[in-house]
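**Student:** Next one to model:
(chains A, B, C and D)
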Protein chains: 2
Amino acid sequence: MRRIADSTVRRLSLYLRFLEESTNRGLVTISSDELARRGGTTSAQVRKDLSFFGSFGKRGLGYSVPELTESLREILGLRRDWQVIIVGAGKIGTALAQYRGFRQRGFRVTAVYDRDPKKIGTRWDALTVRDMAEIERDIQKEHPDIAVLTTPAEEAQVVVDRLVSAGMRALLNFAPIQLQVPPDVTLKNVNMAMELEGLSFALTNRDR
Amino acid sequence: MRRIADSTVRRLSLYLRFLEESTNRGLVTISSDELARRGGTTSAQVRKDLSFFGSFGKRGLGYSVPELTESLREILGLRRDWQVIIVGAGKIGTALAQYRGFRQRGFRVTAVYDRDPKKIGTRWDALTVRDMAEIERDIQKEHPDIAVLTTPAEEAQVVVDRLVSAGMRALLNFAPIQLQVPPDVTLKNVNMAMELEGLSFALTNRDR
DNA sequence: ACATGTGAACTGCTTCACAGCG
DNA sequence: CGCTGTGAAGCAGTTCACATGT
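**Tutor:** Residues are numbered from 1 along each chain as shown, chains lettered A, B, ... in the order given. This next block holds a predicted model:
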């Protein structure tokens, strides 16, 4: 398989969302044009994105909603559940741990870590905040798939180094800092400061 | 001014972060190469990014940390404060409203809205949750600059339409849905579901 | 007739490489 | 000599346009 662009994967994720919505509305087929309108892209883009993985449509007709849904789940690796740990039990970590959308999509939060003794042992729903000191042991025992980082920026790189050497290979970073990871580790960033500054730039330079 | 790529603006935001860090470490000058290493890019990229806005460096020397910091603040529109409202007082909205990083960077959360009567009137810090019904009036009176959307996905588009017709021109959307806005409105998305699915894809297709 | 699938053209971001200047 | 600033080249992602299959 040829290398797939990040932008393509993001759009596949969107298409899947529309397909799920279409299923709920009882639609049986959908065209690349309809998928494109909802995703703010073009029909050619939709077809090109899908073409990297195979031929899923019927000429003259469009795509079968259930079949394309299943194909996208397969492509995105969503036919299985993923074990997620959250590192950092601050405001955002807490909010994420309790966020329903995760489990609904097959991302099961199985542990939350913090190093603050006041937080360790606290319970939310079925989760107890664990001691950061135990994280290496736990990773080697429980093999979580994805770590979500919600520590303060100052600690994030140190924590990442620990997670990576303990074996984590997929990280979602919320700390407003660019982390360094080895090439076999996949890192995605959610950087609200950056997005806000993007809005600030747009507002400032609107009428150029 | 020529149209600036989104990716460029995001990097400028990163450069600014490193510059602030460099200031704290007492550095006086910095080279494009150093900026590049921290941002996971190349020195040519750094120089090209900056070149869209002017010449900030000294040949043979590099960039003055305080001068480049100030220039980037200017470019990104960060020499003023921005008024931010949060729409949706759920888990994530609550976490964001209390997030210190916002105010530190000049983004002042001035109001939080929800339509749930049980939440309206609740106080956090200096903020009281306001009734969603009053949002149009408030926008016209208080002229907030940026709205952060943390409503459930089902309600997000309706809320956006209300915000836009009330005059909002910059939106940061946390709902896992692609929103439609007119071309004069700037919309940025933070979509955790999409990032997680990107990680799922990477983990699944790693050894292609 | 209609919508897909895809090579070819195009657009625009990134990288190169070097002239220019301190 | 070192590092910036920048045209030119390279490359990746997007769009076009049409042959193809139903």
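**Student:** report the longest strand in chain A, please.
**Tutor:** In chain A, assigned by DSSP state E, the strand with the most residues is strand A:107-114.
**Student:** Name the residues that touch it?
**Tutor:** Residues external to strand A:107-114 that are found in contact with it (Cβ atoms under 8 Å, 6 or more residues apart in numbering or on different chains): A:81-90, A:93, A:96-97, A:102-103, A:120, A:124, A:127-132, A:134-135, A:138, A:142, A:144, A:146, B:196. For glycine as for every other residue, the C-beta is placed from the backbone atoms N, C-alpha and C.
**Student:** ditto for stretch A:56-70
**Tutor:** Counting contacts by Cβ under 8 Å, 6+ apart, the residues outside stretch A:56-70 that touch it are A:15-16, A:19-20, A:22-23, A:27-32, A:34-35, A:47, A:50, A:71.
**Student:** One more pass at 7 Å, please.
**Tutor:** Identification of contacts with stretch A:56-70 by Cβ atoms under 7 Å, 6 or more residues apart in numbering or on different chains yields A:16, A:19-20, A:22-23, A:27-31, A:50, A:71.
**Student:** Can I get that stretch as PDB, trimmed to CA atoms?
**Tutor:** Listed in PDB are the C-alpha atoms of stretch A:56-70, where the atom choice follows Å, rounded to 0.1, in the frame of the first residue of the first chain:
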ATOM      1  CA  PHE A  56     -16.400   0.400  -3.400                       C
ATOM      2  CA  GLY A  57     -19.000   2.000  -5.700                       C
ATOM      3  CA  LYS A  58     -21.300   1.000  -8.500                       C
ATOM      4  CA  ARG A  59     -21.000   3.100 -11.600                       C
ATOM      5  CA  GLY A  60     -24.200   5.000 -12.400                       C
ATOM      6  CA  LEU A  61     -25.500   4.300  -8.900                       C
ATOM      7  CA  GLY A  62     -23.100   5.400  -6.100                       C
ATOM      8  CA  TYR A  63     -22.000   3.600  -2.900                       C
ATOM      9  CA  SER A  64     -24.000   1.200  -0.800                       C
ATOM     10  CA  VAL A  65     -24.200   3.000   2.600                       C
ATOM     11  CA  PRO A  66     -23.800  -0.200   4.800                       C
ATOM     12  CA  GLU A  67     -21.000  -1.600   2.600                       C
ATOM     13  CA  LEU A  68     -19.000   1.600   2.500                       C
ATOM     14  CA  THR A  69     -19.500   2.100   6.200                       C
ATOM     15  CA  GLU A  70     -18.100  -1.300   6.800                       C
END
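**Student:** So for that stretch, mean pLDDT?
**Tutor:** The pLDDT scores in stretch A:56-70 average 98.
**Student:** Then stretch A:3-21?
**Tutor:** 97.
**Student:** need the next SSE after the longest strand of chain A, C-terminal direction.
**Tutor:** Once strand A:107-114 ends, the next helix or strand along the chain (criterion: DSSP states H and E) is strand A:123-124.
**Student:** Would you mind giving the secondary structure of the most centrally placed residue in chain A?
**Tutor:** Centre of chain A computed as the mean C-alpha position; nearest residue by Cα atoms, centre = their mean is A:Leu172, 7.2 Å away. At A:Leu172 the chain is in strand, as set by DSSP: H, G, I helix; E, B strand; the rest coil.
**Student:** separation between A:Val190 and chain B?
**Tutor:** For A:Val190, the distance to chain B equals 6 Å [Cβ to the nearest Cβ, to the nearest Å].
**Student:** Go ahead and confirm that residue touches B:Met194.
**Tutor:** No: because the distance of 9.9 Å does not satisfy Cβ atoms under 7 Å, A:Val190 is recorded as not touching B:Met194.
**Student:** Not counting residues beside it along the chain, what's closest to A:Gly167?
**Tutor:** The shortest distance from A:Gly167 to any residue that is not its chain neighbour, by Cβ to Cβ, 6 or more residues apart in numbering or on different chains, is 5.6 Å, and that residue is A:Ile139.
**Student:** could you list every residue that touches that neighbour?
**Tutor:** Contacts for A:Ile139 were tallied using Cβ under 7 Å, 6+ apart; they are A:166-168.
**Student:** So which of those is the closest to chain B?
**Tutor:** Minimum distance to chain B across the contacts of A:Ile139 is 10.8 Å, recorded for A:Met168 (Cβ to the nearest Cβ).
**Student:** So the helix ranked longest in chain A, near DNA strand D or not?
**Tutor:** Ordering each helix of chain A by length in residues (DSSP state H) puts helix A:6-24 first. Yes: Helix A:6-24 reaches DNA strand D (Cβ under 7 Å from any atom of the strand) through A:6-8.
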